[in-house]
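here's a sequence, model it:
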Amino acid sequence: MVATVARTAGFRAPAARRLVVKVGSALLVGPDGALRRDWLAGLVADIADCRAAGQEIVVVSSGAIALGARRVALAKGGRASLEDSQAAAAIGQILLAGAWGQLLEAHGLVAAQILVTLGDFEDRRRFLNAAATIDRLLALGVVPILNENDTVATEEIRFGDNDRLAARAAQAAGANALILLSDIDGLYTSNPATSADARLVERVDDIAAIQGMASTESASGMGSGGMAAKVEAARIALAAGIPVAIAAGKPDHPLARFIASGHGTIFTAPEAVGARKAWLAGRMQVEGRLQIDAGAAAALIAGKSLLAAGVTDIAGRFRRGDAVDICAGGVAIARGLVAYDATDLVQIAGKRTDAIAAILGYAPRSAVIHRDQMVML
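The predicted structure is shown next:
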């Protein structure tokens, strides 16, 4: 199988020593809420083939809420309320993990379950802990199965979709490629369900140019996020130099089919920033926003640090070391770890560096956000 793996637009799945594969609810669970076990067995066979060829595979698997909702007959697939979603996830996760474990075991492979929340990847120390766990499991020949811990996650502190979780997992795993198996075969120029002129976008070299094409709606109504979440996931992964593919997941043996044909949308990866900056670019929560003037924006683009003189407005109650977005013209152009509390920064915004000591009563830091603690978006 791997000898004929697709090489579309520089995306080389077989050459990826570590490959992250994301599987959505609409693929794992049928319209009746039951597990598509035969389909999953085919995907597991694909994974086993990749493992036999020497690849390390990480799986990000949805489906717990849908499976749990069916087991206890919850309305709206378990999504009628946050409490229903949490209860359905608690019931369904054991069913989901059991299915993965049994099918992988039939191929002589061991599965490991990793349940994460947004905070596990937003906090740098916890991110590194997760990365170390994934790395050790892969070294042992185990297939890690990740999912969001929906039983404890709330609306305020959750990924909300497993596409972005998969991108963060790919960063943590040090993956060489990320494949998002979807109920649609890629990104289209318009909605293919309603437009006869819709064309598949086979290659994306500039992700900023296609942001408006993606819908937030899930085609099945079972999952969350839609194509917009997949594009955002691609942005997160690309920051770490990880190429991304969106490929059709509905057919049998979807991973093998993509590997053989390369059919889908490929996001080519630019040169990666450093690991810390890639983690920072992928953060989904920031504590504030700084508006800057045109001169400061030009300086940031040229690779310089942000000085207080370029800050025109401040929003948020952040503390030194928190992540904030840096905005020009109302658009976030960078993200960084701020060197001042919000209360101090309010006093020195727009001021020259040589005036700051007198205002604050202590020696100022060299920059509001140093270039080494900043990443352009």
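
tell me which element residue 333 falls in.
Under the criterion of DSSP states H and E, residue 333 resides in strand 331-337.

can I assume residue 338 is in contact with residue 318?
Yes: if you go by C-beta atoms under 8 Å, residue 338 and residue 318 touch, sitting 6.0 Å apart. Glycine gets a C-beta too; all of them are placed from N, C-alpha and C.

other SSEs contacting the helix or strand of the chain with the lowest mean pLDDT?
Least confident helix or strand, the chain: helix 275-281 with a mean of 82, by mean pLDDT, DSSP states H and E. Where contact means 3 or more C-beta pairs under 8 Å, 6 or more residues apart in numbering; DSSP states H and E, helix 275-281 is packed against helix 124-139, helix 226-239, strand 331-337, strand 374-376.

need the pLDDT of the most centrally placed residue in the chain.
Nearest to the geometric centre of the chain sits residue 164, at 2.4 Å (C-alpha atoms, centre = their mean). We have a pLDDT of 91 for residue 164.

you'd agree it is in a strand?
No: going by DSSP: H, G, I helix; E, B strand; the rest coil, the assignment for residue 164 is helix, not a strand.

which residue is the nearest non-sequential neighbour of it?
With C-beta to C-beta, 6 or more residues apart in numbering as the criterion, residue 164 has its nearest non-adjacent residue at 4.9 Å, and that residue is residue 233.

quick one, what contacts the one you found?
With contacts defined as C-beta atoms under 8 Å, 6 or more residues apart in numbering, residue 233 is in contact with 22, 163, 164, 166, 167, 178, 180, 244.

so what's the predicted local confidence for residue 14?
58.

low pLDDT regions in this structure?
For the chain, the stretches with pLDDT under 70 are 1-15, 154-158, 160, 211-225.

map the structural domains onto the sequence of it.
2-278, 286-376 (automatic domain parsing).

can I get the contacts of residue 233 in TSV including distance to residue 86?
Below are the contacts of residue 233 laid out as TSV (distance: C-beta to C-beta, whole Å):
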residue	distance to residue 86
22	22
163	21
164	20
166	21
167	24
178	28
180	25
244	30
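
which one (most neighbours) among the residues you listed?
Among the contacts of residue 233, residue 178 has the most neighbours (other C-beta atoms under 10 Å), with 35 neighbours.

now do the strands in the stretch 251-377 of the chain.
265-267, 288-292, 311-316, 323-328, 331-337, 374-376 (DSSP state E, counting those that start in this stretch).

to residue 143, which of those lies closest?
Residue 143 lies closest, by C-beta to C-beta, to one member of the strands of the stretch 251-377 of the chain: strand 265-267, at 24.3 Å.

what are the pairing partners of that closest one, and which direction each?
Taking DSSP bridges as the criterion, strand 265-267 forms sheet pairs with strand 203-204 (parallel), strand 244-248 (antiparallel).

circling back to that earlier point, overlap of the contact sets of residue 338 and residue 318?
288, 324.

got the contact list for the closest residue to residue 356 other than its chain neighbours?
With C-beta to C-beta, 6+ apart as the criterion, residue 356 has its nearest non-adjacent residue at 3.8 Å, and that residue is residue 364. By C-beta under 8 Å, 6+ apart, the contact list for residue 364 reads 308, 348, 353, 356, 357.

count the neighbours of the nearest residue to residue 29 once chain neighbours are set aside for me.
For residue 29, ignoring the flanking residues on the chain, the nearest one in space by C-beta to C-beta, 6+ apart is residue 66 at 4.1 Å. Look at residue 66: counted by other C-beta under 10 Å, it has 27 neighbours.
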